[in-house]
Every structure is written in structure tokens, then in C-alpha cells.
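Engineer: this one's sequence-less:
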């Protein structure tokens with residue numbers, strides 16, 4: 001049976017202008033006089049036509065190669081699929097996910113369970129009582145990454161304290177700053193600041209060498225009334241009384 005990966009096909013090309021005489025003679029003998037033998041001799045006897053033809057041997061090799069490929073992806077493939085049908089079905093039937101591990105339960109191949117906050121997949125049927133950490137029978141499904149550091153290394157406590165001029169602040173301490181109270185700006189509520197260096201009584205708005213402003217929060221006032229507020233601004237919410 002021919003192997004299509006090993007076809008001995010000569011590099012071929014189309015006929016050239018100088019080959020026209022050969023072409024005319026071939027057509028004349030083949031179509032008009034029906035002299036097939038001499039027509040084929042024109043191709044066989046002229047060396048310059050060697051790379052401009054495919055011989056019957058090559059056609060036979062191609063034919064055998066096509067048959068070979070058809071057998072692989074038709075008969076043999078279907079047979080292989082049929083022979084593995086039960087294996088496929090068993091995998092489907094056994095697929096289950098367990099929320100907890102039990103040493104008294106018989107787990108099957110292809111099952112998943114949760115153990116110590118991680119998932120484990122059984123690559124083989126484990127003996128009863130085999131811990132999921134046994135790598136012969138289980139694979140750890142570890143999708144949890146390493147805990148990263150704060151991007152700027154700031155000391156972000158759960159409730160940053162309001163800035164106070166009497167407190168000694170250390171580098172990377174976080175504080176809130178009330179613009180409405182401290183600066184008299186009614187349209188702004190507060191901002192988060194990070195200490196660039198140790199300082200005391202350094203107002204965050206006075207020197208950027210002492211404090212880094214992270215975010216300034218606008219007041220999103222909610223107005224309730226029968227008509228729209230006269231002075232409107234971006235972010236304002238109005239609830240109409242009916």
C-alpha cells in the first residue's frame with residue numbers, strides 16, 4: 001500500500017513556448033490520427049519534457065496513497081471509536097464532584113473533590129482511604145496564585161483615621177482628609193492621602209513632599225423635591241416628589 005508521504009514526484013512545470021512543436025505533434029497524433037503509441041513516444045523520447053509530465057507510476061502511487069488515507073480515517077477510525085465506546089461511557093458515568101473528602105468512600109477515576117480548599121482530580125482509581133495529596137492517584141487543581149504586596153506598600157488600615165495635626169505620622173501611613181471641614185469646600189467630601197515621609201502637623205494640601213493624594217471624592221448629593229434643583233452639578237441625584 002502506498003505511503004503518500006513518500007511519493008517520488010519529480011518537480012514539474014508547465015510547457016514553455018519552445019515546446020509548442022512537441023505539443024502540436026502530440027495533439028495531432030492523439031486526436032486526429034489516433035496514433036496513441038507515437039503520441040506517448042513524443043513525451044518519453046524528449047528529455048526536455050522530463051520535468052513536464054507525471055508518469056503512470058506516479059499516478060499509481062497517488063491512487064494507492066488515497067486508498068491508504070481513506071482506510072485510516074474511515075474503517076480503522078470507526079473501529080477504534082467503537083472499541084472505546086464503553087470506556088468513554090464509563091468516564092461520563094463516573095464524573096462527579098464531591099464537596100468533601102471521606103476516607104470511607106470509594107472514588108473512581110475521573111472524579112473531582114475538594115480537600116483543604118483545593119480541588120483534586122483522580123487520574124487513577126484510588127484505593128479506599130487514599131488521601132487526595134497522593135500524587136499517584138490524584139492531581140491538584142491549583143488555580144490560586146501567590147498573595148501579592150500592596151502596589152505602593154502603603155499601611156492601609158481598615159478604617160484610616162481623619163487627619164489630625166497633633167499626630168505623628170510615619171511614612172506610608174494612610175489618612176482621610178475632610179475638605180468640607182478643613183478647607184470649606186462644600187462640593188467635596190474627603191480624600192485619601194499617603195504619607196511620603198514622617199511628619200506632624202503638615203496639612204496634606206500644603207506640601208506634596210509630605211503627602212500623596214490617592215483619590216478625591218466628590219459629594220453626590222441627593223435632592224428631594226417637586227421641582228429640579230436650581231444649581232445642578234455632575235453626579236447630583238434628584239428624586240422628584242409626586
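Structural biologist: Structure's in. What do you need? Bear in mind that the values here come from a model prediction, so they are computed numbers and not experimental data. Numbering: from 1, shown residues only.
Engineer: List the contacts of residue 201.
Structural biologist: Residue 201 sits next to 165, 166 when contact means Cβ atoms under 8 Å, 6 or more residues apart in numbering. Using the backbone N, CA and C atoms, a C-beta is placed for each residue, glycine as well.
Engineer: Could you check the pLDDT of it?
Structural biologist: Looking at residue 201, its pLDDT reads 88.
Engineer: any chance you could map the helices in the chain?
Structural biologist: 20-27, 36-45, 56-71, 77-83, 85-94, 179-182 (DSSP state H).
Engineer: mind checking which of the ones you listed is nearest residue 137?
Structural biologist: Closest approach to residue 137 among the helices of the chain is made by helix 85-94 (13.8 Å; Cβ to Cβ).
Engineer: Could I get the average pLDDT for the closest one?
Structural biologist: Computed over helix 85-94, the average pLDDT equals 79.
Engineer: Contacts made by that helix with the rest, please.
Structural biologist: 108, 109, 110, 111.
Engineer: give me the beta-bridge partners of residue 138?
Structural biologist: Per DSSP bridges, the residues bridged to residue 138 are residue 122.
Engineer: Helix or strand with the lowest mean pLDDT in this structure?
Structural biologist: helix 179-182 (a mean of 60; mean pLDDT, DSSP states H and E).
Engineer: Run through the residues that contact residue 197.
Structural biologist: 171, 209, 210.
Engineer: and with 10 Å instead?
Structural biologist: The neighbourhood of residue 197, defined by Cβ atoms under 10 Å, 6 or more residues apart in numbering, consists of 169, 170, 171, 172, 209, 210, 211.
Engineer: Need the phi and psi values for the second one.
Structural biologist: Looking back up the chat, that one is residue 170. phi -100, psi 160 (degrees, to the nearest 10).
Engineer: Setting aside sequence neighbours, what's the nearest residue to it?
Structural biologist: Once flanking residues are discounted, residue 170 sits nearest to residue 198: 5.5 Å by Cβ to Cβ, 6 or more residues apart in numbering.
Engineer: close enough to count as contact, that neighbour and residue 211?
Structural biologist: No. Between residue 198 and residue 211 there is no contact, the gap being 11.8 Å when judged by Cβ atoms under 10 Å.
Engineer: According to the record, where do the domains of the chain fall?
Structural biologist: When the chain is parsed with automatic domain parsing, its domains come out as 4-81, 94-141, 149-242.
Engineer: contacting residues around the closest residue in space to residue 38 that isn't next to it in sequence?
Structural biologist: Closest residue to residue 38 apart from its sequence neighbours, by Cβ to Cβ, 6+ apart: residue 29 at 5.2 Å. Shown in contact with residue 29 (Cβ under 10 Å, 6+ apart): 35, 36, 37, 38, 39, 40, 41, 42.
Engineer: Show me which of those is closest to residue 125.
Structural biologist: Looking across these and measuring by Cβ to Cβ, the closest to residue 125 is residue 40, at 67.0 Å.
Engineer: where does that closest one land on pLDDT?
Structural biologist: Value for residue 40, per-residue pLDDT: 78.
Engineer: Neighbours of it, how many?
Structural biologist: By other Cβ atoms under 10 Å, 14 other residues sit near residue 40.
Engineer: on that earlier part again, report the set of residues contacting both of residue 198 and residue 211.
Structural biologist: 169, 173.
Engineer: Looking at these two, which one has more neighbours?
Structural biologist: In this view residue 198 and residue 211 are compared by other Cβ under 10 Å, and residue 211 has more residues nearby, 24 against 13.
Engineer: Quick check: closest non-adjacent residue to the more buried one.
Structural biologist: Per Cβ to Cβ, 6+ apart, closest to residue 211 is residue 204, 4.0 Å.
Engineer: What count of nearby residues applies to the one you found?
Structural biologist: Neighbour number of residue 204 under other Cβ under 10 Å is 23.
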